[in-house]
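> Sharing a sequence plus its predicted fold:
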Amino acid sequence: MRRLRNVKIVATLGPASNDYEMIRALHEAGADVFRLNMSHGDHDEIRARHEIIRQVEKDLGSPIAILADLQGPKLRVGTFLNGAEDLEVDAKFRLDLVDKPGDSDRVTLPHPEIFEALEPGATLLVNDGKIRLRVEDCGKDYADCIVVAGGIISDRKGVNVPDVVLPLAALSEKDLRDLEFVCQLGVDWLALSFVQRARDVEQARDLAKGRAAILSKIEKPTAVKSFDEILAASDGIMVARGDLGVELPVQNVPPIQKQLVRKCRAAAKPVIVATQMLESMIESPMPTRAEVSDVATAIYEGADAIMLSAESAAGSFPIEAVTTMNNVAVEVEGDPTYRDIIEASRSAKRTTVPDGIVAAAREIAETTDVKAICCFTQSGTTAILTSREKPRVPIIAITPLVGTARRLCLSWGINCVLSSGDVTRFKMAVVSAARAARTEGYASETDQIVVTAGVPFNVQGTTNILRVAPCEERLIFSTDPE
């Protein structure tokens with residue numbers, strides 16, 4: 001299904017988008033990737049949604065990526081005798097391991113690993129940062145705090161610890177079960193929550209065993225500090241701005257977003273900008289102007305994908321939300337300023353033959369009347385490197401592997417076509433590319449395309465050949481003696 005924009009749209013499924021008709025409508029409206037939130041729904045519900053997506057994919061003949069978002073460890077206080085308490089500024093408040101209901105002076109925090117990591121002066125955030133506590137004294141089973149920002153604290157509210165690296169694995173027991181379940185289902189991407197260091201990603205990769213690509217969610221200050229190592233260990237990144245905005249001053253989030261997106265672009269790793277992009281559309285058919293500007297900013301930065309969460313999962317207007325995102329993307333990418341910004345911010349360091357091939361393909365496409373860049377790819381590497389170049393013409397990724405086609409649905413500008421049969425000679429690759437360009441409506445018989453591939457075929461990482469070719473098969477054979 002050809003899109004009229006390059007940035008991809010990720011839509012989260014949930015109660016508002018749970019049946020075939022709605023999921024198909026969301027894809028037709030513009031959703032390229034569907035997110036399964038493992039924090040909500042049991043395995044039977046997740047399996048049902050997965051089956052519907054694959055049926056839509058089959059019926060429309062359009063590869064669709066499925067992203068399973070693991071919950072990660074959840075840190076929460078215990079319960080209160082009265083259900084809730086009002087904490088006043090400068091009051092003393094204790095967190096401990098005592099297993100009894102809390103009151104205005106204390107509450108259980110059933111996570112000994114937090115107490116192990118705390119030091120005096122550390123900050124604890126409760127209920128999405130609405131309550132802020134400063135640790136004055138602490139031990140292996142308690143933390144005596146001063147209330148810096150007060151408010152109502154109630155049963156099982158979440159706790160964030162922004163100042164320290166917690167001795168917690170990114171994968172909880174639930175995550176381990178969920179990871180194996182979704183890998184057996186056949187999802188394409190695993191989003192890993194609570195990432196603090198590169199070894200969190202490596203653990204998930206060992207468990208996935210190549211069955212899904214690993215996408216790290218950057219939602220903690222410690223992950224921002226260790227971002228270069230996390231990026232190197234990951235296949236993709238999600239900038240989870242909601243959690244970052246809780247654990248960091250909100251004014252820090254926009255520059256961090258720009259820095260992370262640019263680093264992902266340089267590394268040729270797909271990056272999603274997520275959280276509260278069209279939040280008002282949960283209840284309204286129209287977004288705010290600020291939300292539209294927020295979506296546009298992510299597109300101008302060169303993000304590979306922009307994401308809807310509750311807007312498509314639980315909102316009253318899921319199709320309208322996807323349509324709005326699609327329309328904003330089309331408008332932004334049609335702005336001449338967009339190309340100026342994208343090209344001025346191109347910062348890749350090209351050190352390999354594949355780097356040079358895809359850079360040459362982009363330059364040829366921009367200086368001649370070439371209609372598309374066609375990449376033959378097994379693992380997706382050639383197409384992703386081409387995507388990093390952000391060319392002005394469409395990218396057609398041709399692959400015999402449906403798994404590769406699906407994973408590439410997350411990357412900027414890539415249009416995936418499944419090839420029938422094995423291609424063993426470059427001339428046949430050119431013929432297949434020309435057919436795909438014509439069939440998918442990217443070029444006519446009188447047009448030219450750029451074809452890139454690796455010879456020998458079916459060997460990962462061997463991109464080493466480029467050809468400018470006509471789209472008419474008769475001309476291909478007449479100009480190629482092989």
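Good, I have the coordinates. Numbering: from 1, shown residues only.
> pLDDT weak spots in the stretch 301-450 of the chain?
348, 421-424 (pLDDT under 70).
> run the last query once more with 80
Scanning the stretch 301-450 of the chain for pLDDT under 80 picks out the ranges 347-350, 420-424.
> Tell me where it has helices.
Remark: helices assigned in the stretch 301-450 of the chain by DSSP state H, counting those that start in this stretch are 310-313, 318-333, 336-344, 353-367, 381-389, 402-407, 426-439.
> Turn the ones you listed into JSON lines, including distance to Glu247.
Glycine gets a C-beta too; all of them are placed from N, C-alpha and C. Compiled in JSON lines, those are given as follows (distance: least, C-beta to C-beta, whole Å):
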{"stretch": "helix 310-313", "distance to Glu247": "20"}
{"stretch": "helix 318-333", "distance to Glu247": "26"}
{"stretch": "helix 336-344", "distance to Glu247": "29"}
{"stretch": "helix 353-367", "distance to Glu247": "36"}
{"stretch": "helix 381-389", "distance to Glu247": "30"}
{"stretch": "helix 402-407", "distance to Glu247": "30"}
{"stretch": "helix 426-439", "distance to Glu247": "46"}
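> care to break this structure down by domain?
8-72+169-334, 84-160, 353-479 (automatic domain parsing).
> Determine which of the ones you listed approaches Glu343 most closely.
domain 353-479 (7.4 Å; C-beta to C-beta).
> do you know how far Arg339 is from Arg346?
From Arg339 over to Arg346 the distance is 11 Å, taken as C-beta to C-beta, to the nearest Å.
> re the thing from before, ok, which of the helices of the stretch 301-450 of the chain comes nearest His50?
Of all the helices of the stretch 301-450 of the chain, it is helix 402-407 that lies closest to His50, at 12.1 Å by C-beta to C-beta.
> now what about that closest one, what contacts it?
For helix 402-407, contacts defined as C-beta atoms under 8 Å, 6 or more residues apart in numbering pick out 63-66, 188-189, 213, 377-380, 397, 399, 416-418.
> out of those, who's nearest Asn252?
Trp189 (27.2 Å).
> tell me the contacts of that closest one?
For Trp189, the contact set (C-beta under 8 Å, 6+ apart) comprises 33, 65-68, 212-215, 235-236, 407, 410.
> Narrow the residues you listed to those in strands?
Val33, Ala65, Ile66, Leu67, Ala68, Ala213, Ile214, Leu215, Gly236 (DSSP state E).
> Wait, the last one touches Ile218, no?
No. If you go by C-beta atoms under 8 Å, Gly236 and Ile218 don't touch, sitting 11.1 Å apart.
> who's more crowded, those two?
More crowded of Gly236 and Ile218, by other C-beta atoms under 10 Å: Ile218, with 27 against 24.
> How about the contacts made by the more buried one?
Here Ile218 is in contact with Val195, Val224, Phe227, Ile230, Ile237, Met238, Val239, Ala240, Leu244, Leu260 (C-beta under 8 Å, 6+ apart).
> Need the phi and psi values for it.
Torsion angles at Ile218 (phi, psi; degrees, to the nearest 10) stand at phi -100, psi 100.
> Report the beta-bridge partners for it.
Counting by DSSP bridges, Ile218 forms beta bridges with Val239.
> Contacts for the helix or strand harbouring Phe93, please.
Phe93 belongs to strand 92-96 when assigned by DSSP states H and E. With C-beta under 8 Å, 6+ apart as the contact definition, strand 92-96 has outside contacts at 77, 87, 105-109, 124, 133, 141-147.
> Please identify the buried residues of that strand?
Using 16 or more other C-beta atoms under 10 Å as the test for burial, strand 92-96 gives Phe93, Arg94, Leu95, Asp96.
> Can you give me the distance of the third one to Arg156?
Separation of Leu95 from Arg156 (C-beta to C-beta): 14 Å.
> joint contacts of those two?
Val77.
> all helices of the stretch 51-200 of the chain, in order?
Using DSSP H, counting those that start in this stretch, helices in the stretch 51-200 of the chain cover 112-117, 173-185, 198-208.
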